[in-house]
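Participant: here is the input, now give the coordinates:
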Amino acid sequence: MTGEPARPEGIAGSELPGPYPVGAYARGMRDFLRARPRVQVFGEVWNFKIARTRAFFELRDADGALQCGMWRDRLEALGLPDGVLADGTQVVVGGGPDYYPGSRTASPGFSFDVTALRVAGEGDLLVQLAELRRRLDAEGLFAPQKLLPRPTLPRTIGVVTGESGKARDDVLAGLRRRGWAGRLVWAFAPVQDRRAAPAITRALQDLAAIEEVDVVIVARGGGSLADLFAFCDETLCRTVALLRVPVIASVGHHTDRTLIDDVAAVSASTPTHAAEAAVPLDVAAARARTRTSATRLAWHGRRAVVERARHLARMGRVPGEHVARNRRALHQQLRELRAAATRRGVREREVTATRAEVLRRKASAGAGAEADAQRRALEGLGLALEAHDPRRVLDRGYAIVDDREGGLVTSAARARELGALRVTFADASVDARIEE
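Facilitator: Below is the predicted model:
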């Protein structure tokens, strides 16, 4: 074949067939492995990683391991939640052995070509948990608890935990660290097995019914996912979401994430941290700060007293000079007031004398011939007015006729037209009526 290297001599004395070109043998191995029957294999996933087109992982158990590869589009078509194929997840895979022959520039590789995959064991639980998490999130049940106000220093705290578990001691340790001295209401319930979820639900409802309870802690130590699955119960999570009091969840270890952690107001990594989250105010630290502030205030107070005493001492050394200085200032102000009053009196006397002189001259002018002429003119005008007074005419026997509304009647025709008249004499008025 063109381009195929010349076949060298074989190993002397060997009964093995060949030698064959490595490429031909590698292709033959690939074809041989791909012809093997397809089977199902189960084990635990380790070292899972995704490349551009393929996903790679190891499938292990106590007796062996198998390098696996799966096309990425097939894996994505399964719709598995993120994080399900983590180290330790048990899966069942279907497929068969495969071999990549490699080339002059690429390394060969063996893998079990996975064409189907199903999560088993705890992985099944993870899939169920992811589906329930999506459904509760879509219904908006992750938000209500986080909107509830949490008191800075609660008076009463409810705690749901196992009666004999270490979580109880951790909660007490966290509250002691905070220096909190309020009231604790315990609601003990099983925290593992099929009876746990209903019991925890009832305990939470009972605590929320106590009006004095300000916040509730749900605490449990670590364990496997199966051990913690009671805290993923749908009824429990819906109950937590609708409680009137904020719930602080601390279930499992740092890396564990149950559904109650998503629904609760706060998710704490440990029961100790849950207790500290329930009491945001560090009472012990606040007391220490108060004592420090009181000490600092006392020091400043003593310093202020000393400074004030020194100031008063300085002021007390010169009281006579201070009084004398004020006395001199007052005497100066008094002299200025007296001088100003004297100047004002002189000016007022001069103005009064000038006004008196003007009035005297006006009085002298009013007592002369001009005043007599004005008086005679006024008397003449008065006689003229008196002569034209209508009352004088009435006194001589005349009368005034009007239409009873003040309008004068000056003709007989107008009188006949009105019919009713008023006649005014010197002493009174009378009403009259025309009868002709």
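Participant: quick one, domains of the protein?
Facilitator: The chain breaks down into these domains under automatic domain parsing: 22-120, 129-281, 390-433.
Participant: distance from the longest one to the middle of the chain?
Facilitator: Right, the one you point to is domain 129-281. Between the centre of domain 129-281 and the centre of its chain there are 24 Å (Cα atoms, centre = their mean, to the nearest Å).
Participant: with the shortest one instead?
Facilitator: Taking the mean C-alpha point of domain 390-433 and that of its whole chain, the gap between them comes to 94 Å (Cα atoms, centre = their mean).
Participant: winner for burial among the domains of the chain?
Facilitator: domain 129-281 (a mean of 18; mean count of other Cβ atoms under 10 Å). C-beta here means a position set from N, CA and C on the backbone, and glycine is covered the same way.
Participant: check contacts around A26.
Facilitator: Going by Cβ atoms under 8 Å, 6 or more residues apart in numbering, A26 touches Y99, P101, G102, P108.
Participant: do that again at 6 Å, thanks
Facilitator: Going by Cβ atoms under 6 Å, 6 or more residues apart in numbering, A26 touches P101.
Participant: next one: phi and psi at it?
Facilitator: The phi and psi values for A26, taken as degrees, to the nearest 10, are phi -60, psi -40.
Participant: again with Q128
Facilitator: Per-residue torsions, Q128: phi -60, psi -40 (degrees, to the nearest 10).
Participant: distance of it relative to I260?
Facilitator: 15 Å (Cβ to Cβ, to the nearest Å).
Participant: redo the domains of the chain as a markdown table? Include distance to R327.
Facilitator: Shown next, in a markdown table, are the domains of the chain (distance: least, Cβ to Cβ, whole Å):
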| stretch | distance to R327 |
| --- | --- |
| domain 22-120 | 93 |
| domain 129-281 | 62 |
| domain 390-433 | 81 |
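Participant: closest one to H311 among those domains?
Facilitator: Nearest to H311, of all these, is domain 129-281, at 41.2 Å by Cβ to Cβ.
Participant: any weak-confidence spans in the stretch 51-200 of the chain?
Facilitator: 121-126 (pLDDT under 70).
Participant: would you map the helices across it?
Facilitator: Secondary structure of the stretch 51-200 of the chain (DSSP state H, counting those that start in this stretch): helices at 72-77, 122-138, 144-147, 166-178, 196-209.
Participant: can you list those in CSV and add distance to R355?
Facilitator: Below are those laid out as CSV (distance: least, Cβ to Cβ, whole Å):
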stretch, distance to R355
helix 72-77, 117
helix 122-138, 102
helix 144-147, 89
helix 166-178, 92
helix 196-209, 97
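Participant: quick one: closest of those helices to R155.
Facilitator: That would be helix 166-178 among the helices of the stretch 51-200 of the chain, by Cβ to Cβ, at 12.9 Å.
Participant: show me what the closest one is packed up against.
Facilitator: Applying 3 or more Cβ pairs under 6 Å, 6 or more residues apart in numbering; DSSP states H and E, we find helix 166-178 packed against strand 156-161, strand 215-220, helix 271-278.
Participant: mind checking those for the one nearest to P37?
Facilitator: strand 215-220 (47.1 Å).
Participant: so what's A420 up against?
Facilitator: Taking Cβ under 6 Å, 6+ apart as the test, what A420 contacts is R433.
Participant: any idea how far it is from I434?
Facilitator: From A420 over to I434 (counting by Cβ to Cβ), the distance is 8 Å.
Participant: right, and L207 touches T156 too?
Facilitator: No - checked against Cβ atoms under 6 Å, the pair L207 and T156 is beyond contact range at 9.5 Å.
Participant: anything in contact with each of those two?
Facilitator: V213.
Participant: tell me where the stretch 301-436 of the chain has strands.
Facilitator: Applying DSSP state E, counting those that start in this stretch to the stretch 301-436 of the chain gives strands spanning 400-402, 420-424, 429-433.
Participant: turn the ones you listed into CSV, including mean pLDDT and distance to T270.
Facilitator: As requested, those are arranged in CSV below (pLDDT from 0 to 100; distance: least, Cβ to Cβ, whole Å):
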stretch, mean pLDDT, distance to T270
strand 400-402, 84, 116
strand 420-424, 84, 116
strand 429-433, 84, 116
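Participant: just put those in CSV and tack on distance to L312.
Facilitator: Converted to CSV, these look like this (distance: least, Cβ to Cβ, whole Å):
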stretch, distance to L312
strand 400-402, 97
strand 420-424, 96
strand 429-433, 95
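Participant: grab the nearest non-local neighbour of T235.
Facilitator: Using Cβ to Cβ, 6 or more residues apart in numbering and skipping the chain neighbours, the partner closest in space to T235 is T201 (6.0 Å).
Participant: so D113 bridges to which residues?
Facilitator: Beta-bridge pairing of D113 under DSSP bridges involves G69, G96.
Participant: got a list of what P271 touches?
Facilitator: So P271 contacts A167, D170, V171, A219, S250 (Cβ under 6 Å, 6+ apart).
Participant: distance of it from V263?
Facilitator: According to Cβ to Cβ, P271 and V263 sit 18 Å apart.
Participant: again with P17
Facilitator: 69 Å.
Participant: please apply the same query to T272.
Facilitator: 22 Å.
Participant: R244 too?
Facilitator: Between R244 and V263 the computed distance is 14 Å (Cβ to Cβ).
Participant: and what of V401?
Facilitator: V401 is 110 Å from V263, by Cβ to Cβ.
Participant: ok, now P37?
Facilitator: Look at P37 and V263: by Cβ to Cβ, they are 48 Å apart.
Participant: go on, G158?
Facilitator: Distance, G158 to V263, using Cβ to Cβ: 17 Å.
Participant: wait, doesn't H253 sit right on G222?
Facilitator: Yes - counting by Cβ under 6 Å, H253 does reach G222; the two are 4.1 Å apart.
Participant: chain center to stretch 65-75, what's the gap?
Facilitator: 49 Å.
Participant: contacting residues for V213?
Facilitator: Going by Cβ under 6 Å, 6+ apart, V213 touches T156, G158, L207, V245.
Participant: at 10 Å what do you get?
Facilitator: 154-159, 183, 185, 187, 206-207, 244-245 (Cβ atoms under 10 Å, 6 or more residues apart in numbering).
Participant: give me phi/psi at it?
Facilitator: Here is the backbone geometry of V213 (degrees, to the nearest 10): phi -70, psi 120.
Participant: now do it, the pLDDT please.
Facilitator: Note on V213: pLDDT of 93.
Participant: what's the spacing between the closest residue in space to it that isn't next to it in sequence and Q90?
Facilitator: In this structure, V213 finds its nearest non-sequential neighbour in G158, 4.5 Å apart by Cβ to Cβ, 6+ apart. For G158, the distance to Q90 equals 38 Å [Cβ to Cβ].
Participant: all set, thanks.
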